[in-house]
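Student: got a predicted structure plus its sequence, pasted below:
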Amino acid sequence: FNLNGTFNPTSLGTFNRTGGTVNVTGTANLGTGTLNLNAATGDWILNGGSITNGTVSLTGATLRFDASCTNRLSNVTLNGTISPSTGTSRFRWNNVTLNGSVAPTGNASVNVGFEGNQTLSGTWDTSASTGTMLLEMQAAGTLTIPSGVSVTGGNISFGSVCFGNNMTLINNGTLRSNVANRSVTLGSPVVAFTNNGTRSNANAGGVSINSSTPWTNNAPVSLTGGTHTLGPITNTAAVTFTNATVTFNGLVTNSGAGSLAINGTTANFAGPQTLASFAAVTRTGGTVNIESSIDLAGGTLNLNAATGDWVLNGGSILNGTINQSGAVLAFSSSCSNRLSNITFNGNIAPSTGTSRIRWNNVTLNGSVAPTGNASVNVGFEGNQTLSGTWDTSASTGTMVLEMQAAGTQPNPSGVSVTGGNNSLGRV
């Protein structure tokens, strides 16, 4: 039974359905009235159609949606639950008050296109489904998750399927991935994300934010387990990662009460940073990998018991001073590791593996002195003058000193290169 054209359901009189299918392919204009779907009416399917201007109450039956991007709810109060169990349900959403939930089950997926500025209501949860929930903008605008409203589960993305217009996302409620190995993803249509509410996870769920999407964080965030990928962050609250993996693809800025705690976590700083990025960073266990550049801009990076050791893993530290006191800067085997215009106060003393470093205008107030079976390879960028002490006596490995760019490498008075297995060559 296909309801086409524009109609008011009250004009249908008493409507009973036993078996079969009711498709709304036109526009049901409720005229401020109420559409009651119950055991007598059976389920209705929005099949490219619209329901507008009234109340839909679901008692003993439900409103279902096909995969059409033209399905639409506008100026509607929806009392009940949208809970498909299979397939993909798509609908546009304009000024809808949800007294219930959007909660797919089985392998069902849901795709909602918001028509400009919208504020969510009800509960949105994918915990009972192996499918996805995609929230996008049919027209560019701001999507707000207000206090008391939650978007939870996993396989939730803010992105694009039918429309993909720009979204500004504000979370004043709860946005959480709480299913293992599933994520909440903010895709490229999200041009800005502000968190003033609860942003957390459980059961090792993850969060992925597009590398170009700025995140303004004004409320505590706790993420335990999972894999997280983030863009630039401006942070004024405590953000804690525990037993997780996190990659920062953008600039981290902590101000005011903003802090970043890395506990038992692998933290990869893959986007360019400044000294201010690390002003309130602490680490307990885990690993901090520097995979891009840190421009100290004449300042001092202090590595100590609070920061823990850091690893230069394909990254650079530029234009300032590095102090080691209770922690060290280690180096991976990447030939891209680089120190430039640096005063280095401390010792480079790896105990295993191969540490590679490009070296430009570095003043070493300490030593390069591997131990154990560690090896060191340093590539000098053009004319350089050694400083400090270079010694391999405590290592069974090698030290190779080479030129990243052709030039002269003087060994001045008072500087020594000693030990054994030292070579001036090429790696």
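Tutor: Thanks, I have it.
Student: residue 254 and residue 286, how far apart?
Tutor: According to CB to CB, to the nearest Å, residue 254 stands 18 Å off from residue 286. For every residue, glycine as well, the C-beta is placed using N, CA and C.
Student: same thing with residue 80?
Tutor: Using CB to CB, one obtains 46 Å as the distance from residue 80 to residue 286.
Student: which outside residues touch stretch 185-196?
Tutor: For stretch 185-196, the external contacting residues (CB atoms under 8 Å, 6 or more residues apart in numbering) are 136-137, 156-160, 164-172, 175, 207-210, 212-219, 221.
Student: buried residues in it, which are they?
Tutor: Neighbour counts using 16 or more other CB atoms under 10 Å place 185, 186, 187, 189, 190, 191, 193, 194, 195, 196 of stretch 185-196 among the buried residues.
Student: any low-confidence regions in this protein?
Tutor: 200-205, 427 (pLDDT under 70).
Student: bridged to residue 124, which residues?
Tutor: residue 102, residue 151 (DSSP bridges).
Student: that one is in contact with residue 152, isn't it?
Tutor: Yes - using CB atoms under 8 Å, residue 124 is in contact with residue 152, at 7.3 Å.
Student: those two - which one has more neighbours?
Tutor: residue 124 (26 against 23; other CB atoms under 10 Å).
Student: ok, now which ones touch that one?
Tutor: Residue 124 sits in contact with 101, 102, 103, 133, 149, 150, 151, 152, 153, where contact means CB under 8 Å, 6+ apart.
Student: can I get the residues you listed in JSON lines including distance to residue 50?
Tutor: Below are the contacts of residue 124 laid out as JSON lines (distance: CB to CB, whole Å):
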{"residue": "101", "distance to residue 50": "22"}
{"residue": "102", "distance to residue 50": "18"}
{"residue": "103", "distance to residue 50": "23"}
{"residue": "133", "distance to residue 50": "21"}
{"residue": "149", "distance to residue 50": "24"}
{"residue": "150", "distance to residue 50": "27"}
{"residue": "151", "distance to residue 50": "24"}
{"residue": "152", "distance to residue 50": "28"}
{"residue": "153", "distance to residue 50": "27"}
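Student: and which of the residues you listed is nearest residue 304?
Tutor: residue 152 (38.4 Å; CB to CB).
Student: residue contacts, the residue lying closest to residue 148 once chain neighbours are set aside?
Tutor: Leaving aside its chain neighbours, residue 148 sits nearest to residue 173 (6.0 Å; criterion: CB to CB, 6 or more residues apart in numbering). When contacts are counted by CB under 8 Å, 6+ apart, residue 173 touches 120, 145, 146, 147, 148, 149, 150, 151, 197, 198.
Student: surely residue 208 and residue 231 touch.
Tutor: No - applying CB under 8 Å as the test, residue 208 and residue 231 come out as separate, 9.6 Å apart.
Student: now the contacts of stretch 185-196: which count as buried?
Tutor: 136-137, 156-160, 164-165, 167-172, 175, 207-210, 213-219, 221.
Student: thinking again about what came up before, the more surrounded of residue 254 and residue 286?
Tutor: residue 254 (22 against 18).
Student: hang on, that one packs against residue 273?
Tutor: No - counting by CB under 8 Å, residue 254 does not reach residue 273; the two are 11.1 Å apart.
Student: ramachandran coordinates for residue 228?
Tutor: phi -130, psi 130 (degrees, to the nearest 10).
Student: number of nearby residues for it?
Tutor: 23.
Student: filter the contacts of residue 124 to the buried ones?
Tutor: Using 16+ other CB under 10 Å, the buried members of those are 102, 103, 133, 149, 150, 151, 152, 153.
Student: my read: the last one touches residue 131, true?
Tutor: No - taking CB under 8 Å as the contact criterion, residue 153 and residue 131 are not neighbours in contact, 10.1 Å apart.
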